[in-house]
Structures are given as structure tokens and as C-alpha cells.
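**Q** Kindly generate the corresponding structure for this input.
(chains A and B)
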Amino acid sequence: MEIWNVLSGEAPYLLKGLLITIELLVGLLVLGLLGGLFLAIVEVYGGRFFSKLAAFIQRGLRAIPALVLLFLAYYALSLPPLFTAIIALGLRSSAYQSQIFRGSIQAIKSGQMLAARSMGMSRLQGIWYVVLPQAIRLAIGPWSNEYASETKDTSLASVIGVVEIMRRSRYIISYTYGNALLIYGMVALVYLVITRGGNAVLYWLESKLRVPGFEERG
Amino acid sequence: MNKKRLVVVGFLFVFLATLLLGFGLQAKEKDVYKVGVDANFPPWTWVEKGNYKGFDVDVVKAIAEVEGIDIEIIDMPWSTIVSALGKGRIDVLVSGLSITCERDKMIDYSKPYWSVNQAILVAEDSDLNAITAMSMGHSVGAQSGTTGYMWVEDHLIANDVDVKLKAYEDYILAVEDMTTGRLDAVLADTTTAKNFVKKGRDVKIIGSVSTGEQYAYAVTEGDPYDLLPKINEGMEKIFESGRWMEIFHEYLAEYGYAPPAKIPLTRELTCE
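**A** Residues are numbered from 1 along each chain as shown, chains lettered A, B, ... in the order given. Prediction:
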């Protein structure tokens, strides 16, 4: 069996797998972004009780291995594997993202909130119009790290039956009885492109949206 | 409690609920039954250019056709597939699965359809024989959770034979490791082992272990959808119609097996 012929025949199906990987990545990052922002705001402004509760959720989710979360979600939820993986990895990502946003929210001087309040804004208005527009821009740098690590963690989802690019490439290794080095090498390149490409966009956004008065990346 | 508080409580509640929700959300009737395969196990089950192929895939399709049931084939990695069946996430497991008493506690088997033993594979240039390969501190690999793996555990390691057992996600990776010299031998089902030789990997079979295993299809414990009688009857029907032999010739005849005189076989293993 000529491996290059096999690979060209399999290319459309590998692309299908890549599409699933990207769907999973986008899904979990969006869920993680919403959940992470919410957890971060509650942890910073939620008052004693809610701030503790948010910290408890976030620490718990960060303490459980992604693989274990995937299996827990798979056996607890009767959802298709892709949704299950988005929920499991997305909740975990929201815990990590909450810490990115907490850091950047706390980097905004508290005087700004006081000023907003003295102008007659409510606390929520202060968060929405004054703190978040700066905090989110500050978070882009550290967030690119989360993007890279989640991209790679999507490969874990194949254990619960998500047929993404890892699983698709395994099929080829199986029925050609080998070529593991070549095929995993190609998969590594694909992940490299997704990670580097995404990060390039994020770095560009970071410098484009830089908050005046803060240090810039060197 | 003011409004904002309520909103915050509401959101946190939804967040926790998403974490915990889902216990007991199982449907009772089925139009389409989910057939789980591990698509990394040729010649029984694999995926080529997006299509499910293999002996077991064709047999289960033929059975579904004569029994008038609709099936959907789903790929599940080996490490998850038996427990997924045990928990009812798939309805039927069709993937060159051996009958063992350990698995019998979690799942229910159909009548068997194939007999295998375990073959000992070594690299083509290896000087080891069947006895030295499995002793003297040599490393033996097998796919984790398979009967070959369990055999080394139960019969060699439990008897203090000096052998290092390594678990692999699948046989391809074990053989790959052996051809690069990191592993001395691989213990695999005879059909799988002959496949590697046939496909021109640099390996040879130096002996076999008579485990007298049988492959069967399996359903969730308790057979909640009454599928076993249909599978057993379907096997008989497609054997009588000659379809079973066609599939045999397509996938298995090339390994030099004599076809069995009758399908289904009689089960050898009895469990408490």
C-alpha cells in the first residue's frame, strides 16, 4: 500500500476531522469565555459569600484532570459526544479563564470604580463601561496561552467518541498497519498551524487594542 | 434579597446545574440502535475513507437487515467501549470481542462466532523463541484490557515469571514499539497477529498460547431492548443463506483459516 496514495484519498476525511476539532475548540472557548468572565466578576465583586462560592467552583474545576472531567460528563450527560466534550472542556476552561480575567480586572486601579460610582453609575455600570473594556484588552496576552493549551487539549475528546483529527489519523495508522511517525508528525504540524495562527491574530489584537498608559509587549 | 443578588444566584445556580445535570436522562424505546465498534481493529472493524469496514461491520449490517432493525455504527476507543456498553451509551458492541467472565459481569454476550488463541509476535531478526520471549526479564506488550494482556498477568506475573508487561492503547503501537527495539514481544489474538505478518510488517509469529477464546457480540447487561435473541437468530439466518460465508471470504479467508462448520458456535466458557 503506497502511503501517499492512501493519504491523498483520506485527505477529505482528515479535513472533516479538523472541522470537528475547530468546532470543539470554538465551542469550548466561547463557553469558557462567558463562564470565565462571569466567575471572575463574581469572584472580584460578588461580596464575601458569592466570591467564596465562585472561587470554590473555579478551584474545583481546575483541580480535576481534563480526561476525568470528560469521562464524568460522558457518563452523567446523555448528550452527543461533541456537546459533552464542549461542556466538559468548556467548564474547565471557564475556570482557567476566570483567573486570567480576575487578574486583569484587579489590574485596573480601584480609583476608577470609585470615580465611576461618584459619577452616579451603578456598580454593574461601572464594571460594564469602565472596568471590563480595559480588563478584557489586558487579558488578551495571557488568554493566548489558554487558547494554545485548549487547542491541544481538544485531542483528548477522542476518548469519549468525538471523531476529531486525532481519531481520524489513528484510523489510517490502524488499517495501514503502521506509519505512526509520519501520520502523528503531520497531525503535530496541523496543531502547530492552528496554535501559531490563532496566537498571531491574538498578538496583533493585543497591540492594536493596547490600553494607553500600560506597558506594551517588547 | 435585591434583584441583582437574585440574578447572581440564578447564574451560579445554572452554572452548578450544568455541572451536575443529566443523571437518569435515558430514552426507553429506540428506533435506531447504536452499534459501537473500535475502528482500530482490522480485519474486524476499521474506517477507510470515511466508511466503516470489516468482517464484524458487514455481519452486523447483514443481521440488522434480516431481522428488520435499524442500526447506526459509532466509533468508540477500546479503552471506553466496554464501559460505554455497560452504561447503555451504545446498545451493541461489535469489535472482535472475546468472552471473559470479568466482562460477563458488566455486559451480556450473544452466541460466539469465532475462535482465537493468542500468538506470540517478535521482530523478524529476533533470536527469541516462544519460551525465552516470555521470561528472562524480557518485555512483552499487549493492548490494555485485552485477553492477551490479562493472560500474561494471570499466568506469568502471578506465578513470578520474570517478564515485564507493557500496556498499549492498541496493537499497532505495540508492534511499532517492537520494531523500533523498545519491546521484545507482543501477545495478540491469532487473527490480529497473522494480519501483521500478512501486511508485511517486520515481525514473525514464534508460537501461540492456547487460550481457547471465542469472539461474540455483546449488549448492555440485562439486554434491555431484547436484542440478543435477534442477533443469535440473525447469525443463524445469514449463515444458512450463505451471506456469512461471503463475508468470511471477503475479510478472513486470506489468513488461511478454515471456515467453521456452523455458526453460531457453542460457548465454551462458563461463568458463575
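
**Q** can you give me the strands for the stretch 51-200 of chain B?
**A** B:51-53, B:70-75, B:92-93, B:107-109, B:114-123, B:138-143, B:163-168, B:185-189 (DSSP state E, counting those that start in this stretch).

**Q** Each with direction, which strands does the shortest one pair with?
**A** Sheet pairing here is set by DSSP bridges, and for strand B:92-93 it gives strand B:32-37 (parallel), strand B:218-220 (antiparallel).

**Q** buried ones in the first one?
**A** Put plainly, it is strand B:32-37. Within strand B:32-37, the residues that count as buried by 16 or more other CB atoms under 10 Å in any protein chain shown are B:33-37. No exception for glycine: its C-beta is placed from N, CA and C like everyone else's.

**Q** contact partners of the very next helix or strand once past that strand?
**A** Going down the chain from strand B:32-37, the next helix or strand is strand B:40-41, by DSSP states H and E. Residues from elsewhere that reach strand B:40-41 (CB atoms under 8 Å, 6 or more residues apart in numbering or on different chains): A:170-171, A:173-174, B:46, B:54, B:77-78, B:95-96, B:170, B:172, B:192.

**Q** now, among these, which is nearest to B:Gly200?
**A** B:Ile172 (13.9 Å; CB to CB).

**Q** re earlier: mean pLDDT for the strands paired with strand B:92-93 - can I get that in JSON lines?
**A** As requested, the strands paired with strand B:92-93 are arranged in JSON lines below (pLDDT from 0 to 100):
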{"stretch": "strand B:32-37", "mean pLDDT": "95"}
{"stretch": "strand B:218-220", "mean pLDDT": "95"}
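
**Q** Let's have those in CSV, adding distance to B:Asp108.
**A** Shown next, in CSV, are those (distance: least, CB to CB, whole Å):
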stretch, distance to B:Asp108
strand B:32-37, 14
strand B:218-220, 5
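
**Q** Of all the ones you listed, which one is nearest A:Tyr75?
**A** Between A:Tyr75 and the strands paired with strand B:92-93, the tightest spacing by CB to CB is seen for strand B:218-220, at 13.5 Å.

**Q** Distance from the chain centre to the helix or strand that comes right after the closest one, please.
**A** Helices and strands here follow DSSP H and E; after strand B:218-220, the next one along the chain is helix B:228-240. Relative to its chain's centre, helix B:228-240 lies at 20 Å (CA atoms, centre = their mean, to the nearest Å).

**Q** for helix B:228-240, packing partners?
**A** In this structure, helix B:228-240 packs against helix B:55-67, helix B:243-251, with contacts taken as 3 or more CB pairs under 8 Å, 6 or more residues apart in numbering or on different chains; DSSP states H and E.

**Q** just the ones you listed: most buried one?
**A** Mean neighbours per residue, mean count of other CB atoms under 10 Å in any protein chain shown, is largest over the helices and strands packed on helix B:228-240 for helix B:55-67, with a mean of 21.

**Q** contacts for the helix or strand hosting B:Val47?
**A** Per DSSP H and E, B:Val47 falls inside strand B:45-48. Identification of contacts with strand B:45-48 by CB under 8 Å, 6+ apart yields A:171, A:174-175, B:37-40, B:52-57, B:75, B:94-96.

**Q** Enumerate the residues of the stretch 51-200 of chain B near chain A.
**A** Within the stretch 51-200 of chain B, the positions near chain A by CB under 8 Å from any CB of the partner chain are B:53, B:74-77, B:79-80, B:84, B:87, B:89, B:170, B:172-173, B:175-176, B:195-196, B:199.

**Q** Can you tell me the closest non-neighbouring residue to A:Thr21?
**A** Residue nearest to A:Thr21 in three dimensions, not counting chain neighbours: A:Glu164, with 4.3 Å by CB to CB, 6 or more residues apart in numbering or on different chains.

**Q** My guess is that neighbour contacts A:Thr151. True?
**A** No. Counting by CB atoms under 8 Å, A:Glu164 sits too far from A:Thr151 to count as a contact (11.4 Å).
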